[in-house]
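Asker: quick one, fold the following:
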Amino acid sequence: MSSKGSILVIDDEQEIRESLEKLLQLEGYRAASAATGGEGVERIENGLFDLVLLDINLPDRNGLELLQHIKRDSPEIGVIMITAYASTQMAFQASKHGADSYITKPWDNDKLLLEVRNTLDKSRLQLENIQLRRALKRYALPNVVGKSERMQKVMDLITQVAASRATVLISGESGTGKELVAKTIHATSPRADRPFVPVNTGSMPVDLLESTLFGHVKGAFTSAIATKRGLFEVADQGTIFFDEIGTVGVETQTKLLRVIQEREFMRLGGTETIKVDVRILAATNADLRKLVVEGKFREDLFYRLNVITLGLPPLRERKEDIPQLAEHFLKKFSAENTRTGLQFSPEALKVMMDYDWPGNVRELENAVERAVVLASGAVLGPELLPEQLFENGDPDSHPFLADSLEGRSLFEIMEDCERRVILDMLARTHWSQTEAAERFKIPLSTLNQKIKRLQIAVKRHREG
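Answerer: Below you'll find the predicted structure:
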């Protein structure tokens with residue numbers, strides 16, 4: 001007999017569990033059971049269930065609390081409460097906390113099976129709606145750009161894992177967009193309206209990192225003048241993202257492992273155990289397996305993090321995505337700089353396609369921003385691209401120099417070069433003339449005179 005669905009029975013009475021399992025199996029359902037709330041949570045996290053029959057009185061926790069937990073983490077699962085006492089208040093509380101229905105002990109088998117069928121039908125409809133929304137999100141991941149086969153696989157995997165609470169390890173070279181992918185997973189998950197908390201683990205000393213992650217109590221160390229919450233508490237119900245997880249010290253790795261396993265920790269200097277519900281995403285540009293072999297990364301932590309691995313390809317291995325990425329960034333920076341009608345020339349696109357982009361997508365993004373800022377017309381030619389994109393040492397290989405030498409005086413060429421250099425520095429300093437003058441190692445008054453002589457519209461650029 002083919003299965004009609006998978007059902008989990010959570011009840012502390014063995015006789016009830018066995019009778020319900022047998023009844024459901026005879027009706028063609030896959031059935032499993034758990035005697036406690038904790039065992040039930042573990043079964044749900046490790047299996048796929050369409051429906052839970054949940055006793056309201058469990059030895060280790062209140063059934064209504066467990067109901068909230070299930071509906072928060074797995075909203076697509078239907079839940080029917082089992083109670084020995086039917087009352088209007090009970091029905092209200094069960095409905096308020098997300099129960100689809102409830103039955104009373106002893107029950108009529110026919111009525112129970114009818115409730116099971118109705119709840120499964122409702123859950124399947126909800127699941128179809130969830131899958132439809134995921135499919136729509138799959139085609140509306142606004143910041144993950146690429147039509148190459150490898151990027152399509154990345155987008156498919158993002159869509160698949162977003163709705164779960166599974167830990168995801170994102171690997172890839174610097175600049176490939178690991179944090180962007182983490183943000184997209186969070187934004188398309190049920191936790192989207194909760195905090196997304198990034199942690200740059202490589203930029204902090206051990207003591208500061210642990211205080212930042214776990215918080216501390218007053219007096220835990222010399223400068224701890226007040227109790228402070230850590231980022232795990234800030235991220236409760238949301239997502240915490242560890243950038244470059246491979247740089248975390250071994251001692252801190254041990255504490256991280258405990259949080260992942262137990263969902264609890266203690267503040268530095270404290271004795272109170274704090275429980276959190278946090279999804280963990282991590283990124284690395286290092287080979288964690290190699291670090292494990294070298295004794296620099298805990299093997300058990302690696303396997304805890306490596307539940308789902310999402311590898312981002314370098315830009316040089318998906319060059320067919322460059323035109324689409326360039327257009328994406330062009331729209332972004334055109335809007336930021338209040339420019340309209342900008343487009344890359346075929347020559348500029350060819351230069352970008354021929355370059356290997358060692359800095360990956362981040363380097364391409366910076367190149368496009370530079371071109372938009374420096375553009376004086378609607379067509380962005382190769383002369384607006386950074387010098388490193390032109391690998392040939394021949395002066396004629398650089399379009400700006402080649403074009404500038406045609407029919408122009410030396411004074412005009414030098415003035416044009418000076419204007420572009422100043423504009424480039426102003427863009428790099430976010431239009432701070434003071435900082436630009438410091439970087440040029442000239443007085444601010446001298447820079448202001450050059451800006452005025454070269455008729456550089458600083459005000460227009462700053463407003464953009």
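
Asker: how far away is residue 33 from residue 80?
Answerer: 14 Å (Cβ to Cβ, to the nearest Å). Yep, even glycine has a C-beta here, placed from its N, CA and C like the rest.

Asker: now do the buried residues in stretch 182-200.
Answerer: 182-191, 194, 196-199 (16 or more other Cβ atoms under 10 Å).

Asker: just the residues you listed: which are in strands?
Answerer: Among the buried residues of stretch 182-200, DSSP state E puts 196, 197, 198, 199 in strands.

Asker: the last one contacts residue 213, correct?
Answerer: So that's residue 199. Yes. Between residue 199 and residue 213 there is a contact under Cβ atoms under 8 Å: 6.9 Å.

Asker: so what sits against both of the two?
Answerer: Common neighbours of residue 199 and residue 213 (criterion: Cβ atoms under 8 Å, 6 or more residues apart in numbering): residue 231.

Asker: if we can go back for a sec, now render the ones in strands among the buried residues of stretch 182-200 as a markdown table, adding distance to residue 442 and pLDDT.
Answerer: Formatted as a markdown table, these follow (distance: Cβ to Cβ, whole Å; pLDDT from 0 to 100):
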| residue | distance to residue 442 | pLDDT |
| --- | --- | --- |
| 196 | 42 | 93 |
| 197 | 42 | 93 |
| 198 | 38 | 92 |
| 199 | 40 | 90 |
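
Asker: now the residue nearest the centre of the chain: how far from residue 213?
Answerer: Closest to where the C-alpha atoms of the chain average out (Cα atoms, centre = their mean) is residue 182, at 1.8 Å. Using Cβ to Cβ, residue 182 is found at 17 Å from residue 213.

Asker: same question, residue 375
Answerer: Residue 375 sits 44 Å away from residue 213, going by Cβ to Cβ.

Asker: comparing the two, which residue is more hemmed in?
Answerer: Taking other Cβ atoms under 10 Å, residue 375 and residue 213 do not tie; residue 213 has more neighbours (27 against 18).

Asker: could you count how many residues lie near residue 115?
Answerer: When neighbours are counted by other Cβ under 10 Å, residue 115 registers 19.

Asker: need the contact list for the nearest residue to residue 363 once chain neighbours are set aside.
Answerer: Residue nearest to residue 363 in three dimensions, not counting chain neighbours: residue 357, with 5.4 Å by Cβ to Cβ, 6 or more residues apart in numbering. Applying Cβ under 8 Å, 6+ apart to residue 357 gives the contacts 314, 315, 316, 322, 363, 364.

Asker: got the phi/psi numbers for residue 357?
Answerer: Residue 357 has phi and psi values of phi 50, psi 70 when expressed as degrees, to the nearest 10.

Asker: per-residue pLDDT, residue 87?
Answerer: Residue 87 carries a pLDDT score of 61 in this model.

Asker: how's this protein carved up into domains?
Answerer: The record's domain parsing of the chain by automatic domain parsing lists 6-134, 149-205+233-259+272-313, 316-463.

Asker: for residue 224, find the nearest of those.
Answerer: domain 149-205+233-259+272-313 (15.4 Å; Cβ to Cβ).

Asker: output the contacting helices and strands for the helix or strand encompassing residue 24.
Answerer: Residue 24 is part of helix 14-26 when elements are defined by DSSP states H and E. Secondary-structure packing of helix 14-26 (3 or more Cβ pairs under 8 Å, 6 or more residues apart in numbering; DSSP states H and E): strand 6-10, strand 30-34, helix 109-138.

Asker: roughly how far is the second one from the heart of the chain?
Answerer: To tie it back to what came earlier, the one meant is strand 30-34. Remark: strand 30-34 is offset 34 Å from the chain centroid, using Cα atoms, centre = their mean, to the nearest Å.

Asker: again with the first one
Answerer: How far strand 6-10 lies from its chain's middle: 32 Å, per Cα atoms, centre = their mean.

Asker: touching it from outside, list them.
Answerer: The list of residues contacting strand 6-10 from outside it, by Cβ under 8 Å, 6+ apart, reads 16-17, 20-21, 24, 29-37, 39-40, 43-44, 47-55, 58, 63, 66, 116.
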